[in-house]
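Colleague: Provide a 3D model corresponding to the input given below.
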Amino acid sequence: YEGNPGLHNEAQRKLRFKLILGASIGVLAVLLILFLGSLILLRNFRRKMSHQKCDENGNSTQPGTKQSTACSIARGGHLLDEGVAYCISLSDLEEATNNFTKKIGKGSFGSVYYGKMKDGKEVAVKTMADSSSHLNKQFVTEVALLSRIHHRNLVPLIGYCEEAHQRILVYEYMHNGTLRDHIHGSVNQKPLDWLARLKIAEDAAKGLEYLHTGCNPSIIHRDVKTSNILLDINMRAKVSDFGLSRQAEEDLTHVSSVARGTVGYLDPEYYASQQLTEKSDVYSFGVVLLELISGKKPVSVEDFGPELNIVHWARSLIRKGDVISIVDPFLVGNVKIESIWRIAEVAIQCVEQHGYSRPKMQEIILAIQDAMKIEKGDEGNAKLASGSSRGQSSRKTLLASFLEIESPDLSNGSLVPSAR
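Modeller: Below you'll find the predicted structure:
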């Protein structure tokens with residue numbers, strides 16, 4: 001370059017340009033890496049905080065149970081044990097439900113939407129109608145309680161979401177809808193036969209019996225009705241909607257609170273005294289049994305006239321020994337009347353005015369099983385007579401109680417007096 005200083009200057013300028021360009025690209029690359037790294041760290045931080053929140057919610061309350069299999073804990077939003085509820089992100093639920101577009105029902109908890117998770121599992125997503133902050137503790141307690149209840153006749157809680165002021169419960173999806181759909185649904189739908197109704201009643205009774213005796217402390221549902229008895233793909237019944245459920249204190253025989261439930265199913269003793277016991281669920285289940293027998297809704301001026309509700313209507317007819325008049329017309333001629341009487345008897349006992357006169361869920365289950373044996377013809381009337389005699393020692397038969405006549409002679413296999 002000695003003889004050409006201009007060429008030397010040009011080479012230096014190119015070198016400086018390359019150095020500046022390389023440095024600029026390097027700086028941009030570093031800034032881009034830092035930016036992406038920050039996004040990743042922020043995302044991980046949010047996920048970690050969400051998991052910690054799920055962990056805190058899942059462990060805030062740990063009610064014990066009488067059976068060890070009913071108590072499990074989900075940590076960090078991961079499924080530690082099959083059937084244990086875990087924290088699900090709102091974005092995952094929005095994707096599963098297609099932004100909550102397919103509404104399939106509405107319960108005491110709020111609206112219910114159909115969803116399908118990434119693994120293909122179908123779910124029912126319940127959104128809380130009231131998302132005010134004072135309900136946060138109640139929601140957390142409810143989740144902690146529900147995630148520890150496992151029974152074949154209770155709809156399992158799969159997961160929950162508490163994010164962006166949303167409180168959501170995710171349940172297993174039940175393909176055959178509610179019992180109400182099948183009893184009071186479309187006229188084009190084939191009615192359930194009597195044996196199917198008995199199986200559903202047995203399943204639901206077992207679910208409630210578990211809540212009352214299989215959990216420690218016991219759990220009172222408070223809103224037992226046909227729309228809260230769901231049917232899976234095999235038509236097995238599971239009790240649902242624990243939005244109103246409450247734990248019964250171990251040292252108390254009742255829980256005092258504002259009377260809540262559904263008109264037609266609400267225990268009048270609970271409504272009057274606001275003293276909640278397991279017998280309040282028994283009353284409501286008695287109404288369900290009367291619906292299964294009659295195919296009628298619990299409240300209907302058209303069906304019951306001045307009686308207004310199914311309890312008063314059915315009781316007045318059964319007191320007269322006229323059970324045929326309350327039987328669903330679809331069942332007439334297709335059912336053994338002794339089986340109907342067995343359920344009518346226990347149903348009327350369930351809706352007694354005073355809770356102490358009502359049977360326990362275990363007694364109801366035995367009565368339903370008796371009715372199933374009669375309907376199937378298992379061991380004939382001899383089995384029925386034996387079962388009735390066993391019950392004689394602790395209580396009068398239905399007609400003896402209501403007609404105030406002598407107890408019928410059951411030795412000949414008859415359930416009710418010949419006057420019927």
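
Colleague: what about the stretch 151-300 of the chain, any weak spots by pLDDT?
Modeller: Applying pLDDT under 70 to the stretch 151-300 of the chain flags residues 186-188, 242-259.

Colleague: all strands for it, in order.
Modeller: Applying DSSP state E, counting those that start in this stretch to the stretch 151-300 of the chain gives strands spanning 157-163, 166-172, 219-220, 229-231, 237-239, 246-247, 255-256, 275-276.

Colleague: Of all these, which one comes closest to Trp194?
Modeller: strand 237-239 (15.1 Å; Cβ to Cβ). In this view, the C-beta of every residue, glycine as well, is placed from N, C-alpha and C.

Colleague: Can you tell me what sits against the closest one?
Modeller: 152-155, 174, 179, 199-201, 203-204, 207-208, 211, 221, 224, 228-232 (Cβ atoms under 8 Å, 6 or more residues apart in numbering).

Colleague: roughly how far out does it sit from the chain middle?
Modeller: Per Cα atoms, centre = their mean, to the nearest Å, the displacement of strand 237-239 from the mean C-alpha position of its chain is 7 Å.

Colleague: Stretch 22-39 too?
Modeller: Per Cα atoms, centre = their mean, the centroid offset for stretch 22-39 relative to its chain is 53 Å.

Colleague: In CSV, could you pull the C-alpha coordinates for that stretch?
Modeller: The C-alpha trace of stretch 22-39 is given here as CSV (Å, rounded to 0.1, in the frame of the first residue of the first chain):
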residue,chain,number,x,y,z
GLY,A,22,-20.1,-8.3,13.3
ALA,A,23,-20.3,-6.6,16.6
SER,A,24,-23.8,-5.4,15.9
ILE,A,25,-25.0,-8.9,14.8
GLY,A,26,-23.4,-10.3,18.0
VAL,A,27,-25.1,-7.8,20.2
LEU,A,28,-28.4,-8.4,18.5
ALA,A,29,-27.9,-12.1,18.9
VAL,A,30,-27.2,-11.8,22.6
LEU,A,31,-30.2,-9.5,23.0
LEU,A,32,-32.4,-12.0,21.2
ILE,A,33,-31.1,-14.9,23.3
LEU,A,34,-31.7,-12.8,26.5
PHE,A,35,-35.2,-11.9,25.3
LEU,A,36,-36.1,-15.6,24.6
GLY,A,37,-34.5,-16.7,27.8
SER,A,38,-36.5,-14.1,29.7
LEU,A,39,-39.7,-15.4,28.1
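
Colleague: any idea of the mean pLDDT in that stretch?
Modeller: Over the span of stretch 22-39, the pLDDT mean works out to 89.

Colleague: what does that stretch rub up against?
Modeller: Under Cβ under 8 Å, 6+ apart, the answer for stretch 22-39 is an empty list.

Colleague: what does stretch 102-121 give?
Modeller: Contact with stretch 102-121 is made by 92-93, 95-97, 100-101, 122-130, 158, 169-170, 173, 178, 223, 227-228, 240-241, 243-244, as judged by Cβ under 8 Å, 6+ apart.

Colleague: Could you tell me which of these count as buried?
Modeller: Neighbour-count burial (16 or more other Cβ atoms under 10 Å) applied to these gives 93, 96-97, 100, 123-128, 158, 169-170, 173, 178, 223, 227-228, 240-241, 243-244.

Colleague: Restricting to C-alpha, output stretch 279-299 in PDB.
Modeller: Taking Å, rounded to 0.1, in the frame of the first residue of the first chain, the C-alpha atoms of stretch 279-299 are listed here in PDB:
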ATOM      1  CA  LYS A 279     -82.200 -38.000  57.300                       C
ATOM      2  CA  SER A 280     -82.700 -34.900  55.100                       C
ATOM      3  CA  ASP A 281     -81.000 -36.700  52.300                       C
ATOM      4  CA  VAL A 282     -83.200 -39.700  53.100                       C
ATOM      5  CA  TYR A 283     -86.300 -37.600  52.600                       C
ATOM      6  CA  SER A 284     -85.100 -36.300  49.200                       C
ATOM      7  CA  PHE A 285     -84.300 -39.900  48.100                       C
ATOM      8  CA  GLY A 286     -87.800 -41.000  49.100                       C
ATOM      9  CA  VAL A 287     -89.100 -38.400  46.600                       C
ATOM     10  CA  VAL A 288     -86.800 -39.900  44.000                       C
ATOM     11  CA  LEU A 289     -88.200 -43.400  44.700                       C
ATOM     12  CA  LEU A 290     -91.800 -42.000  44.300                       C
ATOM     13  CA  GLU A 291     -90.700 -40.500  40.900                       C
ATOM     14  CA  LEU A 292     -89.300 -43.900  39.900                       C
ATOM     15  CA  ILE A 293     -92.600 -45.600  40.700                       C
ATOM     16  CA  SER A 294     -94.900 -43.000  39.200                       C
ATOM     17  CA  GLY A 295     -92.900 -41.400  36.400                       C
ATOM     18  CA  LYS A 296     -94.300 -38.000  37.700                       C
ATOM     19  CA  LYS A 297     -92.400 -34.900  38.700                       C
ATOM     20  CA  PRO A 298     -92.200 -34.000  42.400                       C
ATOM     21  CA  VAL A 299     -94.300 -30.800  42.000                       C
END
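
Colleague: How many neighbouring residues does Ala347 have?
Modeller: When neighbours are counted by other Cβ atoms under 10 Å, Ala347 registers 29.

Colleague: which ones are touching it?
Modeller: Ala347 is in contact with 286, 289-290, 293, 314, counting by Cβ under 8 Å, 6+ apart.

Colleague: what's the most distant pair in those?
Modeller: Top of the distance list for these (Cβ to Cβ): Gly286 and Ile293, 10.8 Å.

Colleague: Show the pLDDT at the residue lying closest to Ala96 once chain neighbours are set aside.
Modeller: Once flanking residues are discounted, Ala96 sits nearest to Gly115: 3.7 Å by Cβ to Cβ, 6 or more residues apart in numbering. On the pLDDT scale, Gly115 is placed at 95.
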